[in-house]
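Student: Let me see the structure of the following:
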Amino acid sequence: MKVTYNTVDKLLIMEITEEIDHHTANRIRSRADFEIEKNMPIKAIFDFNKVTFMDSSGIGMIIGRYKLIAMLRRKTVYDKCKT
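Tutor: Numbering: from 1, shown residues only. Reported below is the predicted structural model:
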């Protein structure tokens with residue numbers, strides 16, 4: 001499994017190849033969380049064009065990253081309103 005992470009203008013693009021199962025979803029989740037917290041993107045795109053299989057843990061991983069970005073965006077807006 002290979003994942004490429006690119007950030008362009010607050011857009012995080014994750015290109016995933018091969019399969020996403022319980023074991024690979026955990027690795028993607030850890031790295032994606034790192035990239036999200038480091039780059040603070042407004043949106044994330046998961047490119048599944050080269051994914052050959054994905055189980056429910058892959059779907060959970062996607063939903064979790066969506067929630068993380070949404071939470072960080074709310075926190076950023078709240079912090080700006082306080083100042």
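
Student: Determine the number of other residues adjacent to Ile28.
Tutor: A total of 22 residues lie near Ile28 under the criterion other Cβ atoms under 10 Å. Placement of C-beta: from N, CA and C, glycine included.

Student: What helices and strands are in contact with the top helix by length along the chain?
Tutor: Longest helix in the chain by number of residues (criterion: DSSP state H): helix 56-82. Packing partners of helix 56-82 (3 or more Cβ pairs under 8 Å, 6 or more residues apart in numbering; DSSP states H and E): strand 11-20, helix 22-39, strand 43-54.

Student: Same list, these, but as TSV with mean pLDDT and distance to Lys2 please.
Tutor: What follows is the helices and strands packed on helix 56-82, written out as TSV (pLDDT from 0 to 100; distance: least, Cβ to Cβ, whole Å):
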stretch	mean pLDDT	distance to Lys2
strand 11-20	94	5
helix 22-39	94	10
strand 43-54	94	9
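
Student: winner for burial among the ones you listed?
Tutor: strand 11-20 (a mean of 18; mean count of other Cβ atoms under 10 Å).

Student: got the angle for that one vs helix 22-39?
Tutor: Relative orientation of strand 11-20 versus helix 22-39 (axes from the mean of the first three to the mean of the last three Cα atoms, to 10 degrees): 170 degrees.

Student: and strand 11-20, which strands flank it?
Tutor: Applying DSSP bridges, strand 11-20 is found paired with strand 2-8 (antiparallel), strand 43-54 (parallel).
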